[in-house]
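Asker: structure of the sequence below:
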Amino acid sequence: MGKNSAFILVLSVTALVSIGMVMLFSTSAYAHDAHGDAYFFLKRQGAWLAIGIVACVAAAVVDYHIWEKLWLPLLLASTALLALCFVPHIGLRLNGSSRWVRLGPVVFQPSEVAKFAAIVTLAWWFTRFEQRSSHFFHGFILPMMIVGVLMLLIVREEDLGTTLLICATMVVVMFVAGSNSLYMMVMAVAGVAGILFLATHMPERMARLVAFVDLERYKDGAGMQQWMGLMAFGSGGIWGLGLGGGVAKMQYLPYAHTDFIFPIVGEELGLRATLAIVLAFLLVTLSGTLISMQARDRFGMLLGFGVVTNIALQACVNIGMTTALLPNKGMPLPFISSGGSNLCLCLLFTGILLNIYRQGMVVETGEVKNTACLQARTTPRL
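Answerer: Residues are numbered from 1 along each chain as shown. This is a model prediction of the structure:
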């Protein structure tokens, strides 16, 4: 699979994006904020998709080492954008969270940029201080403090899910980089405990946690979304009700075109389609991991593992949340949910993985050629 990993990655991502556009066509007409246009979200997602494809192609063509040089500007820019979330008339507060920024006609989530900045910063750090990766100060405290600035700003936005996602990605990158396992275990436990502590002091988040424990009891309140999602899965069965035949999206299941689009897939296309989506994400994770392992250098390896982990964890959280295996948390399903910022970021990640693959193949081919030339020179002629 190693030599075909790029092909499998592109094929899987294409399938996920295609399913996403089809399901947006089916669900967006019933969204309460469609502004009277049945194709509003489909057209907006199409525009973001075009931008994301450009970003993907550019990332696949331009040497990924450019991110190694731009780690500090990227970190500072993401910090500034996160701070803009709290500036009146620029930051937007929706659904109880200050996650969005409006710059002219463009509305996006700076936390998506922060995800990328955190990964690039960690990859640069553990490449620069490779020999001290297992040290307490350089391999644990300093990188955690740097990325912690981004996480603190995101927590201030009341976005605990993205904070936990960045923290989990940081743990994976640090593990691959060779950081001390004991330090990471302590950080992981402290991170989960901290998120739970914050959640218990936020009424809306606390209600979701309580509803998760006894979903049927709170199906008319805080657990309504997850309960309706389970009903949608049950209605679809194995074969589904047919594209467009679902009823959960008709104002019964809030945000059916964004965070809870996965149950609509199950309702309309059935268990076979949901399993196909899970398989596609498994293939993305596996192919991305193989590409990262074959990177030409340490920075490429860490960068690749970071972006793969980010995509895989987002998919796991969304699928777990919509199937009531995890507490309800507003996190989109990569490549499928409506949301331009996340779609562009995931396509950018795909382009970076393709570039890492190209660079690795060039080195491998060059080594093979050099070995062949050396053998030809040293082999006696008969």
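
Asker: residues contacting M145?
Answerer: Under the criterion of CB atoms under 8 Å, 6 or more residues apart in numbering, M145 has no neighbours. To be clear about C-beta, it is placed using only N, CA and C from the backbone, and glycine gets the same treatment.

Asker: that one and W125, how far apart?
Answerer: 11 Å (CB to CB, to the nearest Å).

Asker: tell me which element R99 falls in.
Answerer: Using DSSP states H and E, R99 sits in strand 97-103.

Asker: strand partners (parallel or antiparallel) of that strand?
Answerer: Within its sheet, strand 97-103 is paired with strand 91-94 (antiparallel), strand 106-108 (antiparallel), according to DSSP bridges.

Asker: dump those to TSV, plus distance to K3, mean pLDDT and mean neighbour count.
Answerer: Output for the strands paired with strand 97-103, formatted as TSV (distance: least, CB to CB, whole Å; pLDDT from 0 to 100; neighbours: other CB atoms under 10 Å):
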stretch	distance to K3	mean pLDDT	mean neighbour count
strand 91-94	45	81	14
strand 106-108	37	86	15
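
Asker: E68: which of those strands is closest?
Answerer: With CB to CB, the closest approach to E68 among these belongs to strand 106-108: 24.7 Å.

Asker: run through who's touching that closest one.
Answerer: Residues contacting strand 106-108 (CB under 8 Å, 6+ apart): L92, W100, V101, G340, S341.

Asker: also stretch 72-84?
Answerer: The contact list for stretch 72-84 (CB under 8 Å, 6+ apart) reads 67, 90-91, 101, 110-111, 113-114, 116-117, 120-121, 146, 149-150, 153-154, 157.

Asker: I'd like the distance from it to the chain centre, please.
Answerer: Distance, stretch centre to chain centre, for stretch 72-84: 19 Å (CA atoms, centre = their mean, to the nearest Å).

Asker: any idea of the mean pLDDT in that stretch?
Answerer: Across stretch 72-84, pLDDT averages out at 95.

Asker: what residues sit buried inside that stretch?
Answerer: Neighbour counts over stretch 72-84 (16 or more other CB atoms under 10 Å) mark L74, L75, S78, T79, L81, L82 as buried.

Asker: low-confidence ranges in this structure?
Answerer: Across the chain, the ranges flagged by pLDDT under 70 are 1-2, 34-36, 95-96, 362-382.

Asker: which parts of it are helices?
Answerer: 5-27, 40-61, 65-69, 71-84, 110-128, 142-156, 160-177, 181-200, 203-213, 224-236, 261-269, 271-293, 298-322, 340-378 (DSSP state H).

Asker: can I get those in CSV with distance to K329?
Answerer: Putting the helices of the chain into CSV (distance: least, CB to CB, whole Å) gives the following:
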stretch, distance to K329
helix 5-27, 20
helix 40-61, 21
helix 65-69, 28
helix 71-84, 19
helix 110-128, 13
helix 142-156, 13
helix 160-177, 4
helix 181-200, 10
helix 203-213, 8
helix 224-236, 10
helix 261-269, 13
helix 271-293, 18
helix 298-322, 5
helix 340-378, 14
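
Asker: which of those helices is buried the deepest?
Answerer: helix 261-269 (a mean of 27; mean count of other CB atoms under 10 Å).

Asker: angle of it against helix 5-27?
Answerer: Inter-element angle recorded for helix 261-269 and helix 5-27: 80 degrees (by axes from the mean of the first three to the mean of the last three CA atoms, to 10 degrees).

Asker: which stretch among the helices of the chain comes nearest G242?
Answerer: Evaluated over the helices of the chain, closeness to G242 peaks at helix 261-269, with 6.4 Å, by CB to CB.

Asker: the closest one - contacts with which helices or strands?
Answerer: For helix 261-269, the elements it packs on are helix 5-27, helix 224-236, helix 271-293, helix 298-322, judged by 3 or more CB pairs under 8 Å, 6 or more residues apart in numbering; DSSP states H and E.

Asker: tilt between the first one and helix 271-293?
Answerer: Our comparison of helix 5-27 with helix 271-293, counting by the same axes, to 10 degrees, yields an angle of 140 degrees.

Asker: I195 reaches I166, doesn't it?
Answerer: No. Contact between I195 and I166 fails when scored by CB atoms under 8 Å: they sit 11.4 Å apart.

Asker: hey, what's in contact with both of those two?
Answerer: When contacts are counted by CB under 8 Å, 6+ apart, the set common to I195 and I166 is empty.

Asker: contacts only, for I53.
Answerer: L347.

Asker: how close does it get to A256?
Answerer: Counting by CB to CB, the gap from I53 to A256 is 25 Å.

Asker: related to what we said a few turns ago, go through the buried residues of stretch 72-84 and say which is closest to V186.
Answerer: L75 (24.6 Å).

Asker: contact partners for the closest residue in space to V155 that isn't next to it in sequence?
Answerer: Among residues not flanking V155 along the chain, T163 sits closest, at 5.1 Å (CB to CB, 6 or more residues apart in numbering). Contact analysis of T163 by CB under 8 Å, 6+ apart lists M151, I154, V155, I195.

Asker: out of the residues you listed, who's nearest D214?
Answerer: Distances from D214 to those, taken by CB to CB, are shortest for I195, at 21.0 Å.

Asker: the spatially most central residue of the chain and D220, how far apart?
Answerer: Most central in the chain under CA atoms, centre = their mean is I311, positioned 3.5 Å from the mean C-alpha point. Remark: distance between I311 and D220 (CB to CB) = 34 Å.

Asker: thinking G270 is in contact with G245, fair?
Answerer: No. If you go by CB under 8 Å, G270 and G245 don't touch, sitting 10.8 Å apart.

Asker: the more surrounded of the two?
Answerer: G270 (20 against 13; other CB atoms under 10 Å).

Asker: in contact with that one, which residues?
Answerer: G236, G237, I238, W239, G240.

Asker: residue contacts, the closest residue to it other than its chain neighbours?
Answerer: Distances taken as CB to CB, 6+ apart place G240 nearest to G270, at 3.1 Å, with adjacent residues excluded. Contacts for G240 were tallied using CB under 8 Å, 6+ apart; they are G266, E267, E268, L269, G270, L271, R272, A273.
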